[in-house]
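K.L.:
next come a sequence and a model predicted from it.
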Amino acid sequence: MTAPSRKVRKGGRQFEKDRKAFFLKCKAERAVCWLCGMPIDYEAPQNTSDDSYNLDHFYPVTKRPDLQHDPAGFRPSHTQCNNLRGNKDPATPIGALSRQWIRTA
Ligand SMILES: [Zn+2]
């Protein structure tokens, strides 16, 4: 057994578990879209309609790919809102940023 040459990134199976757990938590709490503050249609399959649930990230993945798999940065959003946001920072995020919740690198 030799040491792996590639650095092991958090992700893969753990990420799938984390994002699924996050979805179920948001659904149970009827969490609203963090971008527009409106209810999300949790009955619709994910990413299938404008009002369906979409996993967004507090920090755009393009800017902070290292945080992509960090559950602390997960945010519930509408598929449409996430698409409209692109990788811009929201002007007025609905969910207030908590320093305890967001772990800064
Ligand atoms: Zn929205």
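P.N.:
Happy to help now that I have it. Every value quoted in this text rests on a predicted model; they were computed, and no experiment measured them.
K.L.:
what comes up buried for stretch 25-42?
P.N.:
Burial within stretch 25-42, assessed by neighbour count using 16 or more other Cβ atoms under 10 Å, is assigned to 26, 31, 32, 33, 34, 35, 36, 40, 42. No exception for glycine: its C-beta is placed from N, CA and C like everyone else's.
K.L.:
where along this protein do the helices fall?
P.N.:
Listed from the start of the chain, the chain has helices (DSSP state H) covering 13-29, 79-85.
K.L.:
the ion: which of these is closest?
P.N.:
Ranking the helices of the chain by their distance to the ion (criterion: Cβ to the ion) puts helix 79-85 first, at 3.3 Å.
K.L.:
hmm, the closest one touching the ion?
P.N.:
Yes - residues of helix 79-85 are located near the ion by Cβ under 5 Å from the ion, namely residue 81.
K.L.:
name the helices or strands packed onto that helix?
P.N.:
Contact partners of helix 79-85 among helices and strands, from 3 or more Cβ pairs under 8 Å, 6 or more residues apart in numbering; DSSP states H and E: strand 53-57.
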